[in-house]
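*Asks:* A structural model of the following input is requested.
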Amino acid sequence: MARKFPLLEVAWATVARAGNALERGLFQTDFPPDEFAARRAAIFDAIGAGAHALLQGAPPVRGFDVFRQTNEFYYCCGVEVPQACLLLSGTDRTAALYLPHRPERAGSEGTTLAAEDAKLIRRFTGVDAVYGIERLAGHLKTASVLYTPHAPAEGRQASRDELARSDKLVAADPWDGRPARQQHLIDLLRARFAGLEIRDLSPTLDVLRAIKSPREMNLLRRAGLLAAAAVTEAMRATRPGVIEYQLGAIADAVYLAHGAQGHGYRPIIASGENAWHAHYFRNNCALRDGDLVLMDTAPDYGYYTSDIGRMWPVGGTYAPRQRELYGFMVEYHKALLRRIRPGATADRILAEAAAEMAKVIGRTRFSKPIYKSAAQRTLEFKGHLSHAVGMAVHDVGDYRSGPLRPGVVFAVDPQMWVPEEKRYIRVEDTVAVTEDGIETLTCAAPLELGDVEAALRRKSAFPAMGT
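*Replies:* Below you'll find the model as predicted:
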């Protein structure tokens, strides 16, 4: 049996997946077919009668990686097969999957779903038909209006903003210049089907994904619990001489031992001055006594992730200036959490929390004027209610333009900069808006400074780290 970690003892049973071994190996069991059908029905409503929608799944993996489907394709049908396509016909509101055929001889990597598994696939997805991929072109001939995503499809450890940036760099490379995969599909469709009107499906999918269903919330709770467990275990293993990436290895062990597919994004493990770089990635420096370490990590659990950030002292106790600055940010963080509720806007929440913390600044004797100035600037920054969280850590969906609604999930991430000393301080949790407030999905990790110091004194499940 896999080794259990102390923080997860109570929740261990909740992480197990349903389904027998064969089905679990071929198809997900987190969502029933009626939930996929409801998502597709919402797409039909959005595109209107007479229009079609086409989603292209992920390509085959390059090298020895494990295949992971794109988020948007998985969201609509749950099928985890390379080179699959999903065609939705608004004319008769039917859905058809197109898959490669199974080779005559089974591959050395084991069985995977193929077009020949039509009966099983229909049972798990609720689609109306399953065809070989060669049938798709013929079925597209009847389409006059076709919706397909214009935004890049998220895959393993990917968010749209990072993918879009990469696409631009490739397009601008004079020795490359390839179009993005989604643009290549659009170009093929225009070349093969003259007169076909192509429209963007991404905005429709973004709206649907912005509000999480109860089953999505279950996965997000588990992802948040695992993220909190990973950070807590990393705290317990912290000591001078440990390498940043070794804390990341602890997180990975927690994730894999409890059913996740590893990290949901590249972890940030930044000690000392490395924390000044908000998205530091090298993770190759030794922890030094007297420094703080920033850790930002979450798993890829059932295609859903989380987001958490904590900073703690390598030596086990916050130094006075660390306590002063990080303590202020923890209090500001809690002020934000207290004010998040359905019906409130992000700007209103920020204004209310800033008003409370302005009083705190007024009665606080900061050890340096630059620290007081940094605290005041923090209250002016509008990015503390940071980004949506869901299938991607920087998830799709807009929650800032109007009142918050139940089912919205996002990161609360107050940040402080002290440029004179290249200090960067932040603390982060993932929250879900409920009918009457919020649920903090990552709250199992210590937040209060005293609780963090207590966790640092506890024995790690990884006693050999740093020796």
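
*Asks:* for the rest of this, base every contact and every neighbour count on C-alpha atoms.
*Replies:* OK.

*Asks:* do a quick rundown of the strands in the stretch 251-400 of the chain.
*Replies:* 268-271, 292-296, 309-313, 385-388 (DSSP state E, counting those that start in this stretch).

*Asks:* do you know the pLDDT at Arg339?
*Replies:* Listed pLDDT for Arg339 reads 97.

*Asks:* how long is stretch 407-418 end to end?
*Replies:* Taking CA to CA, to the nearest Å, the first and last residues of stretch 407-418 lie 35 Å apart.

*Asks:* quick one: distance of that stretch to the chain centre.
*Replies:* Centre-to-centre, stretch 407-418 and its host chain are 14 Å apart (CA atoms, centre = their mean, to the nearest Å).

*Asks:* residues making contact with it?
*Replies:* Outside of stretch 407-418, the residues within contact range by CA atoms under 8 Å, 6 or more residues apart in numbering are 210-213, 217, 307-309, 329, 332-333, 336-337, 370-371, 374-375, 377-378, 383-390, 399, 423-434.

*Asks:* quick check: which element contains Pro174?
*Replies:* Using DSSP states H and E, Pro174 is not contained in any helix or strand.

*Asks:* scratch that, Ala95 is what I was asking about
*Replies:* Using DSSP H and E, Ala95 sits within strand 94-99.

*Asks:* contacts made by that strand with the rest, please.
*Replies:* 40, 81, 83-89, 114-115, 127-136.

*Asks:* same check on stretch 144-156?
*Replies:* Identification of contacts with stretch 144-156 by CA under 8 Å, 6+ apart yields 47, 50-55, 58, 68-72, 160, 163-164, 180-183, 186, 195-202, 264-265, 392.

*Asks:* tally of neighbours for Thr111?
*Replies:* Thr111: 12 surrounding residues under other CA atoms under 10 Å.

*Asks:* mind naming the longest helix for this protein?
*Replies:* helix 214-237 (DSSP state H).

*Asks:* can you name every helix or strand that that one contacts?
*Replies:* When contacts are defined as 3 or more CA pairs under 8 Å, 6 or more residues apart in numbering; DSSP states H and E, helix 214-237 packs onto helix 244-257, helix 449-457.

*Asks:* ok, and which of those helices has the densest surroundings?
*Replies:* Highest mean neighbour count among those (mean count of other CA atoms under 10 Å): helix 244-257, with a mean of 21.

*Asks:* now that helix, how far from the chain's geometric center?
*Replies:* For helix 244-257, the separation from the chain centroid amounts to 17 Å (computed by CA atoms, centre = their mean).

*Asks:* remind me what it packs against, helices and strands.
*Replies:* Under the contact definition 3+ CA pairs under 8 Å, 6+ apart, helix 244-257 sits against helix 214-237, strand 268-271.

*Asks:* turn those into JSON lines, including mean neighbour count.
*Replies:* Shown next, in JSON lines, are these (neighbours: other CA atoms under 10 Å):
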{"stretch": "helix 214-237", "mean neighbour count": "24"}
{"stretch": "strand 268-271", "mean neighbour count": "26"}
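
*Asks:* these: which one's closest to Arg348?
*Replies:* helix 214-237 (25.4 Å; CA to CA).

*Asks:* what is Tyr131 paired to in the beta sheet?
*Replies:* In this entry, Tyr131 is beta-bridged to Tyr98, by DSSP bridges.

*Asks:* that one contacts Ala115, correct?
*Replies:* Yes: counting by CA atoms under 8 Å, Tyr131 touches Ala115, with 5.7 Å between them.

*Asks:* low-confidence stretches in this structure?
*Replies:* 1-24, 105-108, 463-467 (pLDDT under 70).

*Asks:* one more pass at 90, please.
*Replies:* Applying pLDDT under 90 to the chain picks out residues 1-27, 103-112, 278-279, 386, 401, 459-467.

*Asks:* dump the helices and strands packed on helix 244-257 to CSV, plus distance to Pro299.
*Replies:* Below are the helices and strands packed on helix 244-257 laid out as CSV (distance: least, CA to CA, whole Å):
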stretch, distance to Pro299
helix 214-237, 6
strand 268-271, 13
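
*Asks:* which stretch among the ones you listed comes nearest Phe462?
*Replies:* Shortest distance between Phe462 and those, using CA to CA, is found for helix 214-237: 6.4 Å.

*Asks:* quick one: the closest one to chain centroid distance?
*Replies:* The chain centre lies 12 Å from the centre of helix 214-237; the measure is CA atoms, centre = their mean.

*Asks:* dump it to CSV, restricted to CA.
*Replies:* Once non-C-alpha atoms are left out, helix 214-237 reads as follows in CSV (Å, rounded to 0.1, in the frame of the first residue of the first chain):
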residue,chain,number,x,y,z
PRO,A,214,-20.3,20.0,-7.7
ARG,A,215,-18.2,17.2,-9.2
GLU,A,216,-15.6,19.7,-10.3
MET,A,217,-15.6,21.2,-6.8
ASN,A,218,-14.8,17.7,-5.4
LEU,A,219,-11.7,17.4,-7.6
LEU,A,220,-10.7,21.0,-6.7
ARG,A,221,-11.0,20.2,-3.0
ARG,A,222,-8.8,17.2,-3.3
ALA,A,223,-6.3,19.2,-5.4
GLY,A,224,-6.3,21.9,-2.7
LEU,A,225,-5.8,19.3,0.1
LEU,A,226,-2.8,17.7,-1.8
ALA,A,227,-1.3,21.2,-2.4
ALA,A,228,-1.6,22.0,1.3
ALA,A,229,-0.1,18.6,2.3
ALA,A,230,2.8,19.1,-0.1
VAL,A,231,3.7,22.5,1.4
THR,A,232,3.3,21.2,4.9
GLU,A,233,5.6,18.2,4.3
ALA,A,234,8.1,20.6,2.6
MET,A,235,8.1,22.8,5.7
ARG,A,236,8.9,19.8,7.9
ALA,A,237,11.8,18.8,5.7
